[in-house]
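Undergrad: Structure here, sequence nowhere to be found:
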């Protein structure tokens, strides 16, 4: 369990976090620019993964459960930060009808 989550959450989800600001604008045509707020979800993801792995290795199910819950919260926080950046970018763009 620990090795699987270390790879899938620690590496794969981190790569999604890192590449989403590049891929989303190209695929979804969303105005996403870099924002330091993205680091909050990344830090929470890795901290919670550490809790999850320690809980798994020392047989502390509550610690593992808290780590898993915080993993999910980190992913939701990342999605919320993407939405926040998109809303900010759309508010700062001039309207199409303005000359």
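TA: Noted; the coordinates are in hand. For clarity, every value in this text was computed on a predicted model and none was experimentally measured.

Undergrad: I'd like the next helix or strand past the worst-scoring helix or strand of the chain on mean pLDDT.
TA: Every helix and strand of the chain was ranked by mean pLDDT, DSSP states H and E. The lowest is helix 2-7, at a mean of 90. On the C-terminal side of helix 2-7, the nearest following helix or strand under DSSP states H and E is helix 14-28.

Undergrad: about what we covered before: okay, buried residues for the least confident helix or strand of the chain please.
TA: residue 5 (16 or more other CB atoms under 10 Å). Glycine gets a C-beta too; all of them are placed from N, C-alpha and C.

Undergrad: so how far is that helix from its chain's centroid?
TA: Centre-to-centre, helix 2-7 and its host chain are 17 Å apart (CA atoms, centre = their mean, to the nearest Å).

Undergrad: next one: stretch 42-53
TA: The mean C-alpha position of stretch 42-53 is separated from the chain mean by 11 Å, CA atoms, centre = their mean.

Undergrad: Buried residues in it, which are they?
TA: Buried-residue list, stretch 42-53, by 16+ other CB under 10 Å: 42, 44, 45, 46, 48, 49, 51, 52, 53.

Undergrad: which ones are touching the third one?
TA: Residue 45 is in contact with 9, 13, 14, 17, 71, 74, 75, 78, counting by CB atoms under 8 Å, 6 or more residues apart in numbering.

Undergrad: show me where the chain has helices.
TA: Secondary structure of the chain (DSSP state H): helices at 2-7, 14-28, 38-57, 61-92.

Undergrad: With respect to burial, which of the ones you listed scores highest?
TA: Most buried of the helices of the chain, by mean neighbour count (mean count of other CB atoms under 10 Å): helix 38-57, with a mean of 17.
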